[in-house]
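> Next input, structure requested:
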Amino acid sequence: MILEILTPEKKLYSGEVYGVQLPGTDGLFEVLNNHAPLISALGKGNVKILVNKTNAESYTISGGFVEVLNNKATVLVENVVEA
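The predicted structure is shown next:
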């Protein structure tokens, strides 16, 4: 699936990934390939990008939103720090 992480200033990440773990307002959840359409608010926590089954990258966010549609996840965040 395609993942994009966007801030008001720049596109932080864009590429093909295995999946992504996100800090929802009610707890962590994971989005993988062929996930059902979804829009969700995000809370403070870590976004873990599963580049493939063995490699991952992490970012810390203070909140935002995610939209999953047609095998593409778009994450909109206000503040982000590479973990």
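
> Now do the helix or strand where T74 lies: everything it contacts.
Assigning secondary structure by DSSP states H and E places T74 in strand 72-77. For strand 72-77, the external contacting residues (Cβ atoms under 8 Å, 6 or more residues apart in numbering) are 1-7, 12, 20, 22, 31, 35, 42, 47, 61-68. Using the backbone N, CA and C atoms, a C-beta is placed for each residue, glycine as well.

> Now, these that are in strands?
Judged by DSSP state E, the contacts of strand 72-77 include 2-6, 12, 20, 22, 31, 42, 47, 61, 64-68 as members of strands.

> Any regions of the chain where pLDDT drops low?
Along the chain, segments meeting pLDDT under 70 span 83.

> Quick one: residues contacting the residue lying closest to N71 once chain neighbours are set aside.
Counting by Cβ to Cβ, 6 or more residues apart in numbering, N71 lies nearest to M1, which is 4.7 Å off, once chain neighbours are set aside. Shown here is M1, whose contacts under the criterion Cβ under 8 Å, 6+ apart are 16-17, 19, 31-35, 71-73.

> could you measure M1 against E16, distance?
7 Å (Cβ to Cβ, to the nearest Å).

> hey, what's G45 bridged with?
Per DSSP bridges, the residues bridged to G45 are I61.
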